[in-house]
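Trainee: sequence? don't have it. structure:
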């Protein structure tokens, strides 16, 4: 005897009845890691400036668990300043090879120093030097100006350990809403959204029209 709910269509995917959004996200990220050619952890990060204008750019996910979604950046960059003023953000993962996307909305908090130090130490040395040399989001007169800064910090640190810059750290987006979307023929897509009022609250789930 089939265990499928008889109210479901024969081709209803099992994930549409999921109760744990973090476990489902990890499953989808694993699938993407096996199928996407470049950066399966790439995500669009949306913030808003002081005038309310939305701002979006691609960043890389560097951690995901029940606490939230983590990325790192220059705190003096446009996104760093926007998140400091308005600690709310949205994410979108789009895995074209799988015809899936995940949308996230939530509250933003800084990562701890120990967590940021650990990740920074894992980066390639050239990336560590670049974090010191780049005045991210600010005007650049020429590429040569940037290369001089890279050379200056490379000389400064020599062969010693490169410490994490005080202006470089991470943010964690604690989700209050996570939506899973799967492409279906004729735009009859599957959509499942998880919502909660606070990070301590229980998730509720709703299926959405495409």
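Mentor: That came through, no problem. Nothing here was measured: the structure is a model prediction, and the numbers come from that model.
Trainee: could you pull up the residues touching the residue nearest the centre of the chain?
Mentor: The chain has residue 61 as the residue nearest its centroid, 4.2 Å off, counting by CA atoms, centre = their mean. If you count contacts by CB atoms under 8 Å, 6 or more residues apart in numbering, residue 61 has them with 41-43, 69-71, 93. Every C-beta, even on glycine, is put in place using the N, C-alpha and C of the backbone.
Trainee: can you pick the most crowded of the residues you listed?
Mentor: Highest neighbour count within the contacts of residue 61: residue 69, with 27 neighbours (other CB atoms under 10 Å).
Trainee: residues in contact with the nearest residue to that residue once chain neighbours are set aside?
Mentor: For residue 69, ignoring the flanking residues on the chain, the nearest one in space by CB to CB, 6 or more residues apart in numbering is residue 173 at 4.7 Å. By CB under 8 Å, 6+ apart, residue 173 lies in contact with 68-70, 89, 91, 104, 106-108.
Trainee: next: residue 134.
Mentor: 74, 146, 149.
Trainee: strands of this protein, start to end?
Mentor: Assigned by DSSP state E, the chain shows strands spanning 42-48, 54-60, 63-65, 68-74, 88-95, 100-110, 168-182, 190-195, 204-207.
Trainee: for the fourth one, packing partners?
Mentor: Helices and strands touching strand 68-74, as assessed by 3 or more CB pairs under 8 Å, 6 or more residues apart in numbering; DSSP states H and E, comprise strand 42-48, strand 54-60, strand 63-65, helix 78-85, helix 113-122, strand 168-182.
Trainee: to residue 21, which of the ones you listed lies closest?
Mentor: Taking CB to CB, strand 168-182 is the member of the helices and strands packed on strand 68-74 nearest to residue 21, at 4.4 Å.
Trainee: and the closest one, what's its mean pLDDT?
Mentor: Per-residue pLDDT over strand 168-182 has a mean of 98.
Trainee: what angle do that strand and strand 42-48 make?
Mentor: For strand 168-182 against strand 42-48, the angle by axes from the mean of the first three to the mean of the last three CA atoms, to 10 degrees is 110 degrees.
Trainee: strands paired with strand 168-182, and their directions?
Mentor: Strand pairing for strand 168-182, determined by DSSP bridges: strand 68-74 (antiparallel), strand 100-110 (antiparallel), strand 190-195 (antiparallel).
Trainee: make a markdown table out of those strands and add distance to residue 82 and mean pLDDT.
Mentor: Output for the strands paired with strand 168-182, formatted as a markdown table (distance: least, CB to CB, whole Å; pLDDT from 0 to 100):
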| stretch | distance to residue 82 | mean pLDDT |
| --- | --- | --- |
| strand 68-74 | 11 | 98 |
| strand 100-110 | 10 | 98 |
| strand 190-195 | 24 | 98 |
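Trainee: can you get me a residue count around the closest residue to residue 44 other than its chain neighbours?
Mentor: Nearest residue to residue 44, sequence neighbours excluded (CB to CB, 6+ apart): residue 92, at 4.3 Å. Neighbour count for residue 92, taken as other CB under 10 Å: 17.
Trainee: residue 92 against residue 101, yeah?
Mentor: Yes - using CB atoms under 8 Å, residue 92 is in contact with residue 101, at 6.3 Å.
Trainee: count of neighbours near residue 158?
Mentor: Count around residue 158 with other CB under 10 Å applied: 7.
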